[in-house]
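Asks: Fold the following and give me the result.
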Amino acid sequence: MLIRATVAAVTGAMALSAFVAPAALAADGPKVPAGVAAANKAAHFATSGKAAFSSAADTGTPYALDATFSNVKVNKGKNIVVGTTAIVKAPVSFTLTHGADVDIHASDFVSAVELYRGADFANEDEWIDSTNAKCTDTSATAANCTATIEIDPAWLLNTDAGSWKAGAFAVAFNGEDPQNPNLDNVGVATKDNVTTAKIQRRSTLTVNAAPEPVKKGKTITVTGKLSRANWEDGHYHGYTNQPVKLQFRKKGSSTYTTLKTIKTNSTGNLKTTTKATVDGYFRYSFAGTTTTPAVSATGDFVDVK
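Replies: All right, here's what the predicted structure looks like:
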């Protein structure tokens, strides 16, 4: 799920409707992993003090749960690359260390990792929760846990590309109704800044070297285009004014050598020339940016006569 906080300040009880999803979700409401929504609210109530449940609930204050997080990884430490249609499932893993009296396998125990943007875990502007983690005991007080963060490009704005912070939370409802708990009986543990992750707009890069075949010493024109996903309209558009390397690999070699660096034009297109020397493969290669991953075109073979 991705939720954006569009309310600057809220007094009194905050209903779930106060958390508003982006325009793409407006028709059917927020997408929240099963079993995590109520725990998310309890965790944020514990850290921010802002009311999170309905006015009928919201009584009491969660106690500090004896649990903490370490070794948190999102997508195995790699950037999360999202295209225009496919839902991306990024694996999450962490170590959960807890008191002997904490039953992490209880049906109403929830542990999860949250990617967010904002000042800190208690003051987020937008966030994406993982599923409820599945944990395997490594001792009586420690477990290795795994979960999944799902990202649908239909949820995203282009400005969502880049770095995200991460926090982790665990909530023990201890038999309380998760939708209407007495918070005095609910245990909460949170840990901020457990890791960071980048969500990037998927990139594509093409190349075409012509003519083929060509006589030695003649001019070869190499064209191509660098594009990246636009999450707001669901299409790929040219990535403008970006440095891209023209590279060459001789037939029989496995190594590309950079011939020159040029920039994409106002539509993301590339065009340059070089001299034909020997048989081999031409490609364009883009180093990437914070918002867009590196990509290299598949080499285009040119037969030199």
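
Asks: Only C-alpha atoms from now on, for both contacts and neighbour counts.
Replies: Noted.

Asks: OK, contacts around the most centrally placed residue in the chain?
Replies: Centroid-nearest residue in the chain, with CA atoms, centre = their mean: residue 199, separated by 3.7 Å. Taking CA atoms under 8 Å, 6 or more residues apart in numbering, we find residue 199 in contact with 79, 80, 81, 82, 160, 161, 162, 163, 164, 291.

Asks: Spatially nearest residue to the second one, not counting backbone neighbours?
Replies: Beyond its immediate neighbours in the sequence, the residue positioned closest to residue 80 (CA to CA, 6 or more residues apart in numbering) is residue 199, lying 4.8 Å away.

Asks: Check what pLDDT that neighbour gets.
Replies: Per-residue pLDDT puts residue 199 at 98.

Asks: which stretch of helix or strand covers it?
Replies: Assigned by DSSP states H and E, residue 199 belongs to strand 187-201.

Asks: who does that strand pair up with?
Replies: Here strand 187-201 has these sheet partners by DSSP bridges: strand 63-64 (parallel), strand 80-82 (parallel), strand 162-172 (antiparallel).

Asks: Now distance to residue 247 too, for the ones you listed, in TSV please.
Replies: Formatted as TSV, the strands paired with strand 187-201 follow (distance: least, CA to CA, whole Å):
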stretch	distance to residue 247
strand 63-64	57
strand 80-82	24
strand 162-172	28
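
Asks: ok so, going back, buried residues of the strand holding residue 199, list them for me.
Replies: 187-192, 194-201 (16 or more other CA atoms under 10 Å).

Asks: what's the answer for stretch 204-218, then?
Replies: If you call a residue buried by 16+ other CA under 10 Å, then stretch 204-218 has these buried ones: 204, 205, 206, 207, 208, 209, 211, 214, 215.

Asks: just curious, which of the residues you listed is nearest to residue 272?
Replies: residue 209 (9.7 Å; CA to CA).

Asks: Can you give me the pLDDT of that closest one?
Replies: Residue 209 is given a pLDDT of 98.

Asks: wait, is it part of a strand?
Replies: Yes: per DSSP: H, G, I helix; E, B strand; the rest coil, residue 209 lies within a strand segment.

Asks: I'd like to know how far it sits from residue 250.
Replies: Here the distance between residue 209 and residue 250 works out to 14 Å (CA to CA, to the nearest Å).

Asks: got it, and residue 64?
Replies: Separation of residue 64 from residue 250 (CA to CA): 63 Å.

Asks: between those two, which one's more packed in?
Replies: Between residue 64 and residue 250, residue 250 has the larger neighbour count (other CA atoms under 10 Å), namely 17 against 13.

Asks: Which residue is the nearest non-sequential neighbour of the more buried one?
Replies: Nearest non-adjacent residue to residue 250, counting by CA to CA, 6+ apart: residue 280, 4.2 Å away.

Asks: Would you check how far apart the one you found and residue 230 are?
Replies: From residue 280 across to residue 230, the span is 34 Å (CA to CA).

Asks: What's the separation between the residue nearest to residue 197 when sequence neighbours are not counted and residue 120?
Replies: Leaving out its chain neighbours, the residue that sits closest to residue 197 by CA to CA, 6+ apart is residue 164, at 5.3 Å. From residue 164 across to residue 120, the span is 11 Å (CA to CA).

Asks: the more surrounded of the two?
Replies: Comparing residue 164 with residue 120 by neighbour count (other CA under 10 Å), the higher total belongs to residue 164, at 19 against 14.

Asks: Just to check, that one is in contact with residue 193?
Replies: No: counting by CA atoms under 8 Å, residue 164 stays clear of residue 193, with 10.1 Å between them.

Asks: For the residue nearest to the centre of the chain, list each beta-bridge partner.
Replies: Per DSSP bridges, the residues bridged to residue 199 are residue 80, residue 162.

Asks: And the nearest residue to residue 170 once chain neighbours are set aside, which helix or strand is it part of?
Replies: Once flanking residues are discounted, residue 170 sits nearest to residue 111: 4.1 Å by CA to CA, 6+ apart. Assigned by DSSP H and E, residue 111 belongs to strand 109-120.

Asks: Low-confidence ranges, the stretch 1-150 of the chain, go.
Replies: Across the stretch 1-150 of the chain, the ranges flagged by pLDDT under 70 are 1, 5-32, 34, 49-58.

Asks: Tell me which stretches of it form helices.
Replies: Counting by DSSP state H, counting those that start in this stretch, the stretch 1-150 of the chain has helices at residues 37-48.
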